[in-house]
Each structure stands twice: as C-alpha cells, then as structure tokens.
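Give me a model of this one.
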Amino acid sequence: MKIGKALGLTLENLDILHRGGLLHDIGKIGIPNSILNKPAKLEENERILIMQHPEKGALILEPIKAYAEIIPVVAQHHEWFNGHGYPRGLKAMI
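Modelled structure (predicted):
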C-alpha cells in the first residue's frame, strides 16, 4: 500500500490493490497440502502445480461480480516486468 501511495494511485486503485493483496493466494486452495507444506525442494511437477495458483485464484473469483476488479491482481501477482514471471510470462510495455 505504501508503494501504491508513493506511486500516486487513486483511492479506488488503492482499494483494488488492498483487496487483491488480501486474496492474491486464494488459488492455493487448489494445491495439495503435501506440496504447500513440503519442507524439501519441490519436484518439477510440484513446481508446475504451484505456478498454477494465480490462474486458479482468478477462476475462483470470476463468478463473484464484486471481485471483478481484483482478478488481474490475483492472476498476475507473480508476473515480472521482464517477462520471466508466471503463469503467462507477461512482459511490460513501457
């Protein structure tokens, strides 16, 4: 929220950021606890499952109209400006 304020986001966008931050990992509901709580390094297939949690979260929230504005926050919270993030490898167009 401090970064959003420093960037000059509007109160409306700060609210979207806040709500998205609260629910950003909701997609982990669809990931087995054995993977979420694994104390050792994840196997490749387990890592692939973890990397699906942003899109799973977006699908969970999609039917709820009140959350429509925060779906991009949930779906893209692991994307990087350089395109090396996940799940879609989106790259910023600056």
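
Tell me the confidence at the residue of the chain most remote from its centre?
The C-alpha centroid of the chain is most remote from residue 40, which lies 23.2 Å away (Cα atoms, centre = their mean). You'll see residue 40 listed with a pLDDT of 97.

for residue 94, same thing?
65.

Name the helix or strand for residue 14, please.
helix 11-23 (DSSP states H and E).

Enumerate the positions of that helix that are buried.
By 16 or more other Cβ atoms under 10 Å, the buried positions in helix 11-23 come out as 16, 17, 19, 20, 23. Any C-beta I mention is one placed from the backbone N, CA and C, and that applies to glycine too.

residues making contact with the following helix or strand past it?
Scanning forward in sequence from helix 11-23 by DSSP H and E, the next helix or strand is helix 33-36. Applying Cβ atoms under 8 Å, 6 or more residues apart in numbering, the set of residues contacting helix 33-36 from outside is 28, 42, 46, 49, 50.

and residue 30, what does it touch?
52, 53, 56, 60.

how about a cut-off of 7 Å?
The neighbourhood of residue 30, defined by Cβ atoms under 7 Å, 6 or more residues apart in numbering, consists of 53, 56.

what do you get for residue 85?
Going by Cβ under 7 Å, 6+ apart, the list of residues near residue 85 reads 78, 79.
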